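> Sequence plus the predicted model coming up.
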Amino acid sequence: MMSKKLSILFVGETTITQNGSIKGYDLTFSVGYEESYLIMKEMLESLGHTFTHIPSHLAARDFPRTLEALRSYDVILFSDIGSDVFLLLPDMCRSGVRTVNLLKLIREYVSEGGGFAMIGGYSTFQGYEAKGNYKDTPIEEILPVTLLTYDDRVEVPEGADLTCDPKRHEILSGFPVQWPYILGYNRLIPKDGADVILTFEKDPIIALGSFGAGRTMAYATDCTAHWAPDAMTGWEYYPILWNRLLQWLAGSAQILDD
């Protein structure tokens, strides 16, 4: 029996950049667009999953507005995208009209059986200068962790060497004890009842939990650079890890591949 092929909605992991260059009296600007999510897209599609992506700058416009639309996805992933994107919607900002609270909609989706995970970064959890700003939102309510009230980033330029107990959870079955290093993560506090399956020192890196009929995960480090370097994203077990995490979030009966 093979693991289930899932429908995944991935939101975030894109960046629009603006750079200035001064040469004597001359100042010039350039812009760029980075698509860090492609690592996840290529990996998850290679596993047979359906991967739908919404870039950060389009999420306020394109994120589904109804529970029915969200139900078409087995798992929703937020990665490096702040809460304001889901709260300051175009119609409300332009016309001052009432609109749906997308964070409450996600809470309802999970309560009815959906899977949701937040992946770490400068704009998720609290993030850089706490501008992710998910503290005291419906997202914190459904996650298996409590967020800090301030900038929660932990930079580890020397590398945080991860180790796991393969017997700790079914997801980790068959994994080596020694994992590749990461270069940082968001510091989180596990809630009572959270199942923390991977830590660095005393901090949770992967925490699992439930809310209503659904399941949630806090993945405290990033899924791409810089916190997840090539050593991690190119690791032979990386696709296996993510496949199993997603199967668990979706409530699949079969988590392990045969």
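Arrived safely. Numbers count the residues shown, from 1 in each chain.
> residues near G48, how many?
Applying other CB atoms under 10 Å, we find 12 residues neighbouring G48. For glycine as for every other residue, the C-beta is placed from the backbone atoms N, C-alpha and C.
> so it sits right up against K5, yeah?
Yes - if you go by CB atoms under 8 Å, G48 and K5 touch, sitting 4.7 Å apart.
> List the beta-bridge partners for the residue nearest in space to the middle of the chain.
Among the residues of the chain, I119 comes closest to the average C-alpha position under CA atoms, centre = their mean, at 2.2 Å. With DSSP bridges applied, I119 shows beta-bridge pairing to S79, Y219.
> contacting residues around it?
By CB atoms under 8 Å, 6 or more residues apart in numbering, the residues touching I119 are 12, 77-80, 219, 222-223.
> quick one: the closest residue to R98 other than its chain neighbours and I76, what's the gap?
Leaving aside its chain neighbours, R98 sits nearest to M92 (7.3 Å; criterion: CB to CB, 6 or more residues apart in numbering). To I76, M92 is 22 Å away according to CB to CB, to the nearest Å.
> who's more crowded, those two?
Using other CB under 10 Å, the more surrounded residue of M92 and I76 is I76, with 23 against 14.
> From I16, how far out is T28?
Counting by CB to CB, the gap from T28 to I16 is 18 Å.
> what helix or strand is A60 on?
helix 59-62 (DSSP states H and E).
> How far does that helix sit from its chain's centre?
Centre-to-centre, helix 59-62 and its host chain are 17 Å apart (CA atoms, centre = their mean, to the nearest Å).
> what does it rub up against?
Residues from elsewhere that reach helix 59-62 (CB under 8 Å, 6+ apart): 11-12, 54, 81, 85-86, 88-90.
> 7 Å - rerun?
For helix 59-62, contacts defined as CB atoms under 7 Å, 6 or more residues apart in numbering pick out 11, 54, 81, 85, 88-90.
> and which of those residues is nearest V100?
Of all the contacts of helix 59-62, V100 sits closest to L89, with 7.7 Å by CB to CB.
> coming back round to it: buried stuff in whichever helix or strand comes after the helix holding A60?
The helix or strand immediately downstream of helix 59-62 is helix 67-70, counting by DSSP H and E. Buried positions in helix 67-70, judged by neighbour count with 16 or more other CB atoms under 10 Å: L70.
> same check, this time on stretch 72-83
Within stretch 72-83, judged by 16+ other CB under 10 Å, the buried ones are 73-83.
> right, and the pair among the residues you listed with maximum separation?
D74 and G82 (24.4 Å).
> From G209, how far out is D80?
D80 sits 21 Å away from G209, going by CB to CB.
> One more: T199?
T199 is 15 Å from G209, by CB to CB.
> tell me which residues of the regular element (helix or strand) spanning L241 are tucked away?
Here L241 sits within helix 238-249, counting by DSSP H and E. Using 16+ other CB under 10 Å as the test for burial, helix 238-249 gives 238, 240-249.
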